[in-house]
Structures are given as C-alpha cells and as structure tokens.
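Peer 1: Fold the following for me, if possible:
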Amino acid sequence: MYFAKRRDSSADRALRTGLALGALACALCAASGTDAQTAPASVPAPTPANETFKFVPQANAPGAEETSPDGTIKVSVTTDPDGRPLYAITRGAETIIAPSRLGFLFTDQPKIERGMRIERVTHGKADTTWTQPYGEWHRIRDNHREMRVRLTEVGNLQRSYDIVFRIQDDGVGFRYEVPDQANLHGANIADELTEFTFAEGGTAWWKPAFLWNREEYLYERTPLAAVGTAATPITMKLASGTHVALHEAALVDYASMAVMKTTGNTLKTVLTPGSGRPKVVKQGSWTTPWRTLIIASDAPGLYMSHLELNLNEPNKLGDVSWVKPGKFVGVWWNMIKGDWTWARGPRHGATTANVKKYIDFASLNKIPGVLVEGWNIGWDGDWAGHGSAMQFARPTEDFDAVELARYARAKNVYIIGHNETGGAATHYEGQFDAAFRYAADHGIPTIKTGYVTDAGQIERINPDGTISREWHEGQWMANHHLRVVQSAAKYKVSIDAHEPIKDTGLRRTYPNWLAREGSRGMEYNAWPGKNPPEHEANLAFTRMLEGPMDFTPGVLSLTGTDNSPILSTIAKQLALYVVLYSPVQMAADTPENYAKYPDAFRFIRDVPVDWEETRVLNGEVGDYATFARRDRNSRDWYIGSITDENARSLTVTLDFLDAGRTYTAEIYSDGPDADYRTDARHAIAIETKQVRKGDTLKLALAPGGGQAIRLRAK
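Peer 2: Just a heads-up that it's a prediction; the model follows:
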C-alpha cells in the first residue's frame with residue numbers, strides 16, 4: 001500500500017514532570033570486552049578486560065542515576081508509590097523519556113511489575129576502539145558508562161532482575177538480565193511491559209508490524225501520538241527538534257520487538273508471537289536484547305551513531321579474512337520482471353548458457369560476483385510458502401555446476417548461490433551441511449537465503465513430526481538465522497538474508513552475516529504499486545539505522561514489468577550505491593540495458609562497497625540525504641545525494657578531504673530537464689573539475705533525482 005507523505009504542522013506537546021531522584025555515591029571501575037581494539041590517543045587506555053564491576057549493596061536505595069561520558073545524557077531509575085520501577089532519560093535540560101515502566105507478563109506465573117525495590121546499584125565505564133573487517137567505518141570507538149540496578153520484589157516471591165544501562169554521548173541502550181532463582185527458573189514470557197513515554201510530541205516515521213507482508217511496507221509519516229503498532233526502528237523528530245531512533249540490539253534467542261501506541265506519547269513493547277502461548281521461552285538465567293534509543297540534534301546525527309554495534313558481542317568466528325565484500329550482477333531482474341522463470345521450462349533463466357553470459361559481463365567490467373537464482377531442484381509448481389521440494393545441493397539438468405565453477409574461476413569471477421526455502425525452515429536446516437558443502441566445493445563464497453511466505457507461516461517441523469507455524473521475527477526464527485550463519489561459517493560461506501529477521505548489529509558477532517533485504521527494495525519497482533520517490537530518503541534514516549540493506553540498485557533502464565516507469569532518475573540510481581550501504585551491492589539491471597548507458601554505468605563499475613569512513617553531510621528524514629564515504633583501499637571519496645519528489649539545491653563543503661591534495665571530481669548529475677515523472681528521467685550530465693579541501697559543491701537534484709560524485713585523489 002502507498003502511504004502518502006503527511007506533514008505535521010502542529011506537534012502535540014505533553015510535558016511531564018520528572019520524579020526527584022536522590023544522587024547516589026558510586027564506585028567507578030573500567031571494563032571492556034570488544035573486538036581487536038586499541039585505545040584512541042585522546043583517551044586513557046582501557047582497564048584490562050578481567051576487571052569486573054564492583055557491586056555496592058544499598059538497602060532499598062531511593063533511586064539511581066548515571067550520565068553519558070560527556071555528561072549530556074542522564075538516565076534515572078526510581079520506583080513509584082506502588083513499587084513500579086521507572087526509568088527516565090534527559091538530554092541537557094530536555095526530558096526525552098519521561099518516567100516509564102518496566103517489567104514482564106508471564107503465561108504461568110504472576111507478572112513482575114509492582115512491589116519492587118532497588119536493592120543495589122553499581123556503575124562502570126569503558127573507552128575502547130575496535131576494528132571492523134568491513135563496513136562503513138574501519139574503526140569504531142565504544143565510549144560509554146554503565147549502570148546496573150538490581151530490582152527485587154518485596155513480597156513472598158522475592159524475584160529479582162537487573163536492569164542494565166549503557167550510556168553513550170549519542171544514546172542509551174538497556175536490557176534486562178535475570179539470574180536463575182528459586183521462583184524464576186527460566187520464564188515463559190507472554191510479553192514485556194517496557195514502555196517508552198516521550199515527554200513531548202513530534203513527528204514519527206514508522207511502518208506497521210505484524211501484517212502479512214512482513215517487513216515490506218512503506219514508511220508512514222504521522223504525529224507521534226498517531227502511531228499504531230510499529231516495527232522498529234521507528235524514527236522521531238520531537239517538537240523541540242531533537243531526533244530519536246528507537247530500536248533494539250543483539251536480538252539473540254528472543255522475539256523481535258515492535259512497539260504499540262498506548263496513551264498520549266507512550267509506546268509499549270510488543271513482542272513478536274511464536275507458535276505457542278509464550279512469545280519467549282527461557283531456561284536458567286537469561287537476558288533480553290538491548291532496547292536502544294539513539295538521540296541526536298538532527299537526522300544525520302542518528303546515522304553517525306555506533307550504539308547498536310557497540311552493544312553487540314565481539315566477533316565469535318575468529319579469522320574472517322575469507323569474508324569478502326563485493327559487487328555482483330545476476331540472473332535475477334529478468335525473472336523479477338517476468339521475462340524469465342525460476343522454474344524449469346522454455347524460459348528458465350538459470351541455464352549454463354545464460355549464466356556464462358553474465359560471467360563474461362562481470363569479468364569484462366571487473367565485477368567479482370554473479371548471483372544465480374533458480375539453479376536448483378524445487379522451483380517447479382507452487383513453491384512460495386511450500387518449499388519442502390527445494391534441494392540445495394542438486395542443480396537442474398540445464399545448469400552445469402562443475403563447468404560454471406570452472407568457467408567463473410577462469411574469468412576471475414565467483415558465483416553467489418541462492419537458497420530459497422519457501423518458508424520451509426526446518427527442511428532447510430536438514431540440508432545445512434549439504435548446502436554449504438556444495439557452496440564450498442563450487443567456489444561460492446556467499447549465499448542469498450530467502451523465506452518467501454506470509455507472516456506467521458514459516459513451517460517448523462517438530463521432533464514428533466507435527467508442524468508448527470512461526471513468524472519471521474519470532475524467537476524460533478531468531479535462533480534459526482543464527483544457526484544458518486553459524487553453520488555457513490564452518491564452510492567459510494557468508495549469508496545475505498532475504499525476507500529476513502531485522503538487523504540488530506549481529507554482523508559484529510558473526511561477520512559472515514553480510515546483509516539483509518526487507519523494506520521494499522528494487523524488486524518493488526518492477527511491479528505495480530512502485531516505491532514513491534521519497535522511499536529511499538526515508539530508508540536513509542529509518543531502515544538503514546539497522547544495518548546493511550541489499551536494496552539491489554542500479555536499474556538504469558528505469559523500467560519494470562511491461563516497461564512501466566520507475567519513479568527515479570538515472571543519477572539517483574547511481575547515488576543509491578553511496579547512500580544505501582551494503583557490503584554486497586548488486587548491479588541489478590541486465591547487461592543489455594547497461595550497454596545502452598555506458599557513461600552512467602562507469603560509476604557503478606567504479607564505486608566500492610567497503611569503506612574507511614562515512615560522513616552524513618546533510619539530510620531530513622523522508623526528504624533528502626547526502627552521504628560521503630571514503631574507500632577503504634584508496635584515498636578516494638564518493639558522494640551520493642538523493643531527494644524525494646521535490647527538486648532541491650544543496651551545498652556541501654569538502655572539509656573532509658586531505659589537506660594539500662588535489663582531487664578530480666567526476667560528477668554525475670541530473671540533466672537540465674530531468675524529472676522522475678517524464679521520459680527525461682533518463683537525462684544525465686557528466687562533468688569533471690578539480691577540487692581541494694574546503695571547496696564547496698552545489699548539488700542540483702531534479703524531482704525524484706540525485707547526484708553521484710567520485711573524488712579521485714591525485
């Protein structure tokens with residue numbers, strides 16, 4: 001469904017008074033535990049990782065508080081007269097989160113919410129820097145303070161849990177940590193009672209949760225008070241102008257979080273269902289994912305935060321030098337448009353001859369990968385939602401896997417595999433070893449997985465042979481996706497998940513989880529009901545806050561099925577390679593169409609996928625965005641700028657370039673008459689000029705347009 005952009009002219013303010021909290025004396029200690037790490041020159045070296053937080057018992061402490069390292073953000077915890085624990089967040093003099101409730105509902109015991117007291121409070125801090133094997137930044141600083149608050153029931157059950165806060169200068173993450181105990185030995189969780197009560201109204205960008213098409217919905221723009229039940233991340237611009245993005249980090253062995261508007265500006269956590277009564281089942285001691293709030297002065301500041309990655313555990317796979325980012329072309333777009341088929345027959349796309357043509361094209365243009373879909377047995381008939389016929393190590397008779405592996409290797413190209421489950425997840429798990437061994441044996445470093453079935457229809461086969469139906473983002477599927485990446489890693493295979501569970505930063509822990517789809521990528525531009533021009537400007541500050549998206553840009557023909565027009569200009573298609581990050585970027589159009597636009601295609605050939613550094617130069621959610629990224633393997637920078645349906649003139653200052661160095665700016669702009677609504681959407685202007693640090697560039701963006709720039713260092 002297309003949701004029209006709605007402007008919010010008068011945001012509702014609902015100022016709430018905070019509770020007076022007593023200041024607590026605290027003992028600070030340092031703790032760390034990150035990836036390969038070095039201390040930044042500007043900060044003290046971290047204390048060794050074997051030092052732990054010191055617990056200081058405090059009998060029924062009246063409250064607790066902790067600040068970010070720069071003192072700007074403050075988190076407070078107290079209890080109300082009924083013993084309900086409440087947390088609040090301020091930024092400077094502004095209250096962001098007014099006192100908000102915590103707790104759980106269970107299916108087999110009383111809820112844990114009232115009658116709680118603060119038993120003890122501990123504090124800690126860490127300041128480290130760690131490196132990514134690939135990404136938008138090579139080095140990431142993790143500078144935070146931590147507060148752990150032990151809450152215990154006063155009554156007979158005396159159940160306890162810790163609420164743990166990590167506070168950075170740009171946001172807050174918190175989670176529940178529940179020890180194994182006599183009256184809470186594991187848990188059957190019906191839902192969380194966690195609330196986010198925003199102290200003032202504003203504008204929200206969100207997409208609906210729990211509908212049939214999973215994550216594939218456009219973002220709505222509404223007043224915060226008009227939000228329904230929303231998937232996360234949800235991005236907000238409060239009445240004060242402060243921007244907040246609400247999401248979660250480290251979704252492991254738990255159900256994905258959505259949020260539901262209750263009263264006023266309060267959003268309450270709603271967990272994704274499972275196939276049974278409890279939404280989450282835990283044994284022994286357990287933790288939740290981190291609930292995250294990035295807080296910034298503007299939209300670019302949201303994107304520049306590393307909060308989500310910092311809240312994930314370091315790399316668990318060891319040496320990941322075999323994980324290779326790279327661009328790819330593929331036997332795909334012709335199927336999406338309906339010209340070829342995944343199933344066998346006269347229009348079968350994944351034939352040896354067709355794949356060799358794509359290998360030749362990729363080799364000629366130094367594109368390392370070729371995706372092939374429909375290569376295996378199982379696509380004939382009604383496979384969507386019925387994937388039990390899929391065989392992930394058996395090619396069709398017209399796909400010569402051995403010859404294609406040899407041919408690709410001779411051309412210095414690799415094949416990207418495709419494992420479409422049709423929602424038959426247990427059936428896929430039974431073939432993990434066969435599928436990933438097949439990939440390793442045929443020189444396939446990356447597999448694109450798929451789960452095409454309606455929400456709530458994932459097929460899980462129980463040990464007794466009965467079938468349960470799971471949700472794509474429930475606890476069982478969260479664990480399934482981890483089983484995929486862990487099993488693939490044994491064979492040095494990486495994963496690009498489609499119809500995925502949302503990203504919560506787990507690529508740090510499992511670096512072979514390269515990217516995910518979700519949120520209406522390019523395939524929706526092939527079909528009726530195309531993405532509106534604002535879609536990518538929405539994604540930049542909503543979906544892209546999760547992590548890499550396999551959007552599959554670069555359709556220079558700008559046509560879908562029956563030659564229907566895509567609502568974009570050519571220059572915007574180029575800019576998407578910089579704006580929408582993925583370490584596996586597809587050149588989605590066909591070789592025949594790229595031959596028609598060789599000058600524009602040159603940028604697609606040139607643009608890298610792995611970055612040393614990223615800057616967001618400007619942007620407003622859903623309106624426009626300009627990104628600059630530096631190639632990890634050179635001193636070259638790339639700029640991508642996109643707009644919605646409105647033409648825009650933007651100015652950027654090149655203050656990020658190396659001092660004393662001259663750059664050749666290769667500029668791909670919308671042509672003078674370019675417009676996504678007309679045939680002039682193909683108009684593009686290409687020029688070069690010399691620039692240096694501190695120079696300014698004027699960016700003229702057509703309606704539905706964009707601009708892409710390579711800054712080639714001399």
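Peer 1: Okay, helices next: where are they in the stretch 201-350 of the chain?
Peer 2: In the stretch 201-350 of the chain, the segments counted as helices under DSSP state H, counting those that start in this stretch are 299-303, 307-310, 333-336.
Peer 1: Likewise for the chain?
Peer 2: Applying DSSP state H to the chain gives helices spanning 299-303, 307-310, 333-336, 352-364, 401-410, 425-429, 432-441, 475-489, 535-539, 570-579, 591-596, 598-606.
Peer 1: Out of the ones you listed, which is closest to residue 383?
Peer 2: Nearest to residue 383, of all the helices of the chain, is helix 425-429, at 11.8 Å by Cβ to Cβ. C-beta: built from backbone N, CA, C; applies to glycine.
Peer 1: residues making contact with the closest one?
Peer 2: The contact list for helix 425-429 (Cβ atoms under 8 Å, 6 or more residues apart in numbering) reads 387-388, 390, 392, 419, 421, 435, 449, 451, 458-461, 470, 477, 480, 483-484.
Peer 1: Quick one, which of those residues are buried?
Peer 2: 387, 390, 392, 419, 421, 435, 449, 451, 458-461, 470, 477, 480, 484 (16 or more other Cβ atoms under 10 Å).
Peer 1: Nearest to residue 319, out of those residues: which one, please.
Peer 2: Within the buried ones among the contacts of helix 425-429, proximity to residue 319 (Cβ to Cβ) peaks at residue 484, which comes in at 20.1 Å.
Peer 1: shouldn't that closest one be in contact with residue 495?
Peer 2: Yes: at 5.9 Å, residue 484 counts as touching residue 495 under the criterion of Cβ atoms under 8 Å.
Peer 1: Quick check: residue 198 vs residue 304, distance?
Peer 2: As for residue 198, its distance to residue 304 is 22 Å (criterion: Cβ to Cβ, to the nearest Å).
Peer 1: right, I mislabeled it, should have said residue 361
Peer 2: Distance, residue 361 to residue 304, using Cβ to Cβ: 37 Å.
Peer 1: Between these two, which is the more surrounded one?
Peer 2: residue 361 (19 against 15; other Cβ atoms under 10 Å).
Peer 1: can you pull the contacts of that one?
Peer 2: Taking Cβ under 8 Å, 6+ apart as the contact definition, residue 361 lies against 329, 367, 591, 594.
Peer 1: Got the confidence number for the closest residue to the second one other than its chain neighbours?
Peer 2: I take that to be residue 367. Nearest non-adjacent residue to residue 367, counting by Cβ to Cβ, 6 or more residues apart in numbering: residue 327, 5.0 Å away. Note on residue 327: pLDDT of 98.
Peer 1: Residue 159: which of the helices of the stretch 201-350 of the chain is closest?
Peer 2: That would be, of those and by Cβ to Cβ, helix 307-310, which comes in at 29.5 Å.
Peer 1: Show me what that closest one is packed up against.
Peer 2: If you count contacts as 3 or more Cβ pairs under 8 Å, 6 or more residues apart in numbering; DSSP states H and E, helix 307-310 packs onto strand 139-153, strand 160-168, strand 171-178, strand 243-249, strand 290-296.
Peer 1: angle of the second one against strand 243-249?
Peer 2: By that I understand strand 160-168. Angle, strand 160-168 to strand 243-249, by axes from the mean of the first three to the mean of the last three Cα atoms, to 10 degrees: 130 degrees.
Peer 1: Tell me who's in contact with residue 492.
Peer 2: Listed by Cβ under 8 Å, 6+ apart, the contact partners of residue 492 are 322, 440, 445.
Peer 1: Just give the number of residues close to the first one.
Peer 2: In terms of burial, residue 322 registers 14 neighbours under the definition other Cβ under 10 Å.
Peer 1: Can you tell me, leaving aside adjacent residues, what's nearest to it?
Peer 2: residue 492 (4.3 Å).
Peer 1: what does the second one give?
Peer 2: Spatial nearest neighbour of residue 440, chain neighbours left out: residue 491 (4.3 Å); criterion: Cβ to Cβ, 6+ apart.
Peer 1: Return the distance of the one you found relative to residue 97.
Peer 2: Going from residue 491 to residue 97 by Cβ to Cβ gives 45 Å.
Peer 1: State the phi and psi torsions of residue 505.
Peer 2: Main-chain torsions, residue 505, degrees, to the nearest 10: phi 90, psi 10.
Peer 1: State the number of residues packed around it.
Peer 2: Residue crowding around residue 505 was assessed by other Cβ under 10 Å; the count is 24.
Peer 1: Please point out which parts of stretch 509-529 sit buried.
Peer 2: Neighbour-count burial for stretch 509-529, counted by 16+ other Cβ under 10 Å, picks out 509-526.
Peer 1: how long is that stretch end to end?
Peer 2: 37 Å (Cα to Cα, to the nearest Å).
Peer 1: Would you confirm that the residue nearest to residue 367 contacts residue 585?
Peer 2: Yes: at 5.0 Å, residue 327 counts as touching residue 585 under the criterion of Cβ under 8 Å.
Peer 1: dump the residue contacts of residue 325.
Peer 2: If you count contacts by Cβ under 8 Å, 6+ apart, residue 325 has them with 134, 514, 583, 584, 609, 610.
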